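A.B. asks: can you look at this prediction? I've put the sequence above it.
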There are 2 protein chains.
Amino acid sequence: MRAVLLSFMAQYSAQLTGIFVALSDPTRRAVLGQLGKGPTSVTELAKPFDMALPSFMKHIRMLEGSGLIRTRKSGRVRTCALEKKPFAVAEAWLSAQRAGWEQHTDRLEQFVLAT
Amino acid sequence: MRAVLLSFMAQYSAQLTGIFVALSDPTRRAVLGQLGKGPTSVTELAKPFDMALPSFMKHIRMLEGSGLIRTRKSGRVRTCALEKKPFAVAEAWLSAQRAGWEQHTDRLEQFVLAT
DNA sequence: CGCATGGTTAGCGCAAGGGCTAACTATTTC
DNA sequence: GAAATAGTTAGCCCTTGCGCTAACCATGCG
């Protein structure tokens, strides 16, 4: 029961870590901004950046690994699309922090914030 | 004029990078959660973590470097306190993304998101 | 004064991040 | 079928992140 909660927390924390790591690079943030306009192929996405394709692909893989984008290959072209849920996860953590500033009363919340 | 905007964008992007890097570590997130309850000394903050002090201090320095906390030493004890503005910066970027999903019309916004 | 407490500095080790080139595979397209 | 296009794989380099120990101030207290 408590073990279940702890395991949930561990996964949640790992997911948060992945998301924030992904967001911590300007190239990846720019890619996300671009994908906000709609699904795009890798080569198309890479165009604005002065970077070799393999390097760029690492960013794509990292974005996909964190769940921030979804990717599908049809024919020889891989198309990337935004995945919106992880953004909500990040926003939720931030607003949980904010919530913590105001009231320091809820014990479960304290446990969550502290883990 | 345009150069000014570009320079602003560069700093903004660097700040965002710093913030997300800082948030991408579980220990640092936990510290922030703790600091939500009020200012705390380094040793006090370090207690829950099975980590040597110098290692822990690196996290503190990184949090301070990103602007997420403020730090002041009086006597032999260094006290850390939350700095709330950077949280707003992160939230602003996330909500700008969200805004980008809905309408792709504002040209300045596109420029901002893409940089 | 002398010792405990709270940080700090220096240096070391390992893993991961972010970039590259070279070479290769798998589709289209002409 | 040959050549261009779109990714992929492998391997290398260098920097940074995150942990450690050992040794060193600096302050507070008995």
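C.D. replies: Structure received.
A.B. asks: tell me where chain A has strands.
C.D. replies: Ranges of strands within chain A are A:40-41, A:69-74, A:77-82, based on DSSP state E.
A.B. asks: so which of the ones you listed gets nearest B:Phe20?
C.D. replies: With respect to B:Phe20, and counting by Cβ to Cβ, the nearest of those is strand A:69-74 at 16.3 Å. C-beta here means a position set from N, CA and C on the backbone, and glycine is covered the same way.
A.B. asks: circling back: would you format the strands of chain A as a markdown table with mean pLDDT, distance to chain B and mean neighbour count included?
C.D. replies: Conversion of these to a markdown table gives the following (pLDDT from 0 to 100; distance: least, Cβ to the nearest Cβ, whole Å; neighbours: other Cβ atoms under 10 Å in any protein chain shown):
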| stretch | mean pLDDT | distance to chain B | mean neighbour count |
| --- | --- | --- | --- |
| strand A:40-41 | 98 | 12 | 16 |
| strand A:69-74 | 97 | 12 | 13 |
| strand A:77-82 | 97 | 7 | 17 |
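A.B. asks: now for the residue in chain A positioned nearest to DNA strand D, how many residues are close by?
C.D. replies: Proximity of chain A to DNA strand D (Cβ to the nearest atom of the strand) peaks at A:Thr43, 2.9 Å away. If you count neighbours by other Cβ atoms under 10 Å in any protein chain shown, A:Thr43 ends up with 11.
A.B. asks: A:Lys84 now?
C.D. replies: By other Cβ under 10 Å, the residues close to A:Lys84 number 12.
A.B. asks: contacts only, for the residue nearest to it when sequence neighbours are not counted.
C.D. replies: Of all residues not flanking A:Lys84 in the chain, B:Trp101 sits nearest, at 7.2 Å (Cβ to Cβ, 6 or more residues apart in numbering or on different chains). Taking Cβ atoms under 8 Å, 6 or more residues apart in numbering or on different chains, we find B:Trp101 in contact with A:Gly36, A:Leu82, A:Lys84.
A.B. asks: and B:Trp101, how far is that from B:Gln11?
C.D. replies: As judged by Cβ to Cβ, to the nearest Å, B:Trp101 and B:Gln11 stand 26 Å apart.
A.B. asks: do A:Cys80 as well
C.D. replies: Applying Cβ to Cβ, the value for A:Cys80 to B:Gln11 is 28 Å.
A.B. asks: please apply the same query to A:Arg78.
C.D. replies: Here A:Arg78 is placed at a distance of 34 Å from B:Gln11 (Cβ to Cβ).
A.B. asks: check contacts around the residue nearest the centre of chain A.
C.D. replies: Closest residue to the average C-alpha location of chain A: A:Ile19 at 3.1 Å, with Cα atoms, centre = their mean. Applying Cβ under 8 Å, 6+ apart, one finds that A:Ile19 lies in contact with A:Ser66, A:Gly67, A:Leu68, A:Pro86, A:Val89, A:Ala90.
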